[in-house]
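[1] this is a predicted model, with the sequence first.
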Amino acid sequence: QVQLVESGGGLVQAGGSLRLSCAASGYMSSVYTMGWFRQGPGKEREFVAAIDWRGASTYDDSVKARFTISRNNAKNSVYLQMNSLKPEDTAVYYCAGRSSAIVTTRLGYPDWGQGTQVTVSS
């Protein structure tokens, strides 16, 4: 069992930045890949970015060049630096973990955090 706890959400104006953090604890060998998903109002939960144990990463096209995912294996943590935020980035952001290579589908991740709200005002 892995526990994932997100932090760092909040309210920011368009064009601003936020940094999300996700701390993992528990059976750490099952978090080879850590990812971020988001769910906006009335929308399905969608893939944002993911990073594997070696540091290889994948991004959704909608956030590429604006968001950066990173991880600190010694601290069992993953981060999402979000720059040039847009109102359409408003969503609850979820941290997720899986025991093998990066996938971009929600169903590929068995472990989830509770989410942190990000609101971008225009």
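    Noted; the coordinates are in hand. Remember, predicted model here, so these are calculated numbers, not experimental data. Numbers count the residues shown, from 1 in each chain.
[2] distance of the nearest residue to S121 once chain neighbours are set aside from V118?
    Nearest residue to S121 in three dimensions, chain neighbours excluded: Q13, at 5.4 Å (CB to CB, 6 or more residues apart in numbering). For the C-beta atoms, the positions are set from N, CA and C on the backbone; glycine is no exception. Distance of Q13 to V118, computed by CB to CB, to the nearest Å: 12 Å.
[3] ok, these two, which is more surrounded?
    Neighbour count, other CB atoms under 10 Å: between Q13 and V118, V118 has more, with 22 against 10.
[4] which of the three states applies to that one?
    When classified by DSSP: H, G, I helix; E, B strand; the rest coil, V118 comes out as strand.
[5] how much space between it and Q3?
    Separation of V118 from Q3 (CB to CB): 21 Å.
[6] swap in T33?
    17 Å.
[7] now P41
    27 Å.
[8] now Q81
    Applying CB to CB to Q81 and Q3 gives a distance of 23 Å.
[9] repeat that for V120.
    From V120 to Q3 the distance is 28 Å (CB to CB).
[10] neighbour-wise, which of those two wins?
    Set V120 next to Q3 and count neighbours by other CB under 10 Å: V120 wins out with 20 against 13.
[11] what sits closest to the most centrally placed residue in the chain if chain neighbours are left out?
    With distances taken as CA atoms, centre = their mean, W36 lies nearest the centre of the chain, 2.1 Å away. Leaving aside its chain neighbours, W36 sits nearest to V48 (4.3 Å; criterion: CB to CB, 6+ apart).
[12] contact partners for T116?
    Taking CB atoms under 8 Å, 6 or more residues apart in numbering, we find T116 in contact with E6, S7, G8, G9, L20, V92, Y93.
[13] which stretches of this structure form strands?
    2-7, 10-13, 18-26, 33-39, 46-52, 57-59, 67-72, 77-82, 91-98, 111-112, 116-121 (DSSP state E).
[14] what's the mean pLDDT across the last one?
    Looking at strand 116-121 alone, the average pLDDT works out to 98.
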